[in-house]
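Trainee: Sequence and computational prediction follow.
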Amino acid sequence: DQEIIELLRPHQVHLGLSLESVNSLNDYVRWGSTISQVLDNLERWTELARELDWVVSLRITPTALSVRDLDQVYEYAWCNNLLIESCNFIHEPAHLRPSVLPREFKQQARDRLQHWIDSKNLDDLGTIINIRDTNRTRQVLIQDAKSYVHYLDTAPDETALLYKLAEYLNLLESGRNNCILDHLPEYADTLRSHGYIK
């Protein structure tokens, strides 16, 4: 909306954009949106932010549903020189925590993210306190990604909550007419064995 842009134009703005995935999984997690529209909006806001010297960050809260594709989100941020500002490791609802996933799925997500970190060959410059320092965007991305690797390495086994996750998905999809397995087919056996009905 041009009127909003004009209101913001004279100010120093920190623009935080919520995103969980850069593929169609985002459509499921943030139902009602489409990833093509989300990325188009993100591109337009980012272009404006560069013109006006604003700070732009992607705000993520990975869940059991989105943690697998975390490496793709970091790659998108890397390629577009965007900060990632993790809102937090999800705590509630407990059944959406990545620690609910079976070990092999957590390990796959962890390995993909570690591979992404390793592929960047960026020297460790220590802990970055000001995560909004746009001069250190790439170091911030690596630091943040490492925090998720550590989380996946140390998260407790909460697979007992898989029944709750399946129950949640059944309820969620009953009013949506969609299916998580369209986005995460590798979860089919695990979810169905814990009560998922699609």
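Mentor: Cool, the structure landed.

Trainee: Break down this protein into its helices, ranges please.
Mentor: Assigned by DSSP state H, the helices in the chain fall at 2-8, 25-29, 35-52, 70-79, 103-119, 137-154, 162-174, 188-192.

Trainee: Those helices into CSV, with extra columns for distance to Leu58, mean neighbour count and mean pLDDT?
Mentor: All C-beta atoms are positioned from the backbone trio N, CA, C, and that covers glycine. Output for those, formatted as CSV (distance: least, CB to CB, whole Å; neighbours: other CB atoms under 10 Å; pLDDT from 0 to 100):
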stretch, distance to Leu58, mean neighbour count, mean pLDDT
helix 2-8, 19, 10, 91
helix 25-29, 11, 21, 93
helix 35-52, 8, 14, 92
helix 70-79, 6, 20, 95
helix 103-119, 15, 16, 96
helix 137-154, 10, 18, 90
helix 162-174, 24, 17, 96
helix 188-192, 27, 15, 97
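
Trainee: Which of those sits closest to His14?
Mentor: Within those, the stretch nearest His14 is helix 35-52; the backing value is 9.3 Å (CB to CB).

Trainee: just how off-centre is the closest one within its chain?
Mentor: Between the centre of helix 35-52 and the centre of its chain there are 17 Å (CA atoms, centre = their mean, to the nearest Å).

Trainee: Residues contacting that helix, please?
Mentor: 5, 9, 13, 15, 17, 19, 21-24, 26-27, 30, 54-56, 58, 80, 82 (CB atoms under 8 Å, 6 or more residues apart in numbering).

Trainee: same thing but at 6 Å, please
Mentor: Here helix 35-52 makes contact (CB atoms under 6 Å, 6 or more residues apart in numbering) with Leu15, Leu17, Ser24, Asn26, Asp27, Val56.

Trainee: Can you check what pLDDT the model gives the third one?
Mentor: Right, the one you point to is Ser24. Ser24 is assigned 94 on the pLDDT scale.

Trainee: All set now, cheers.
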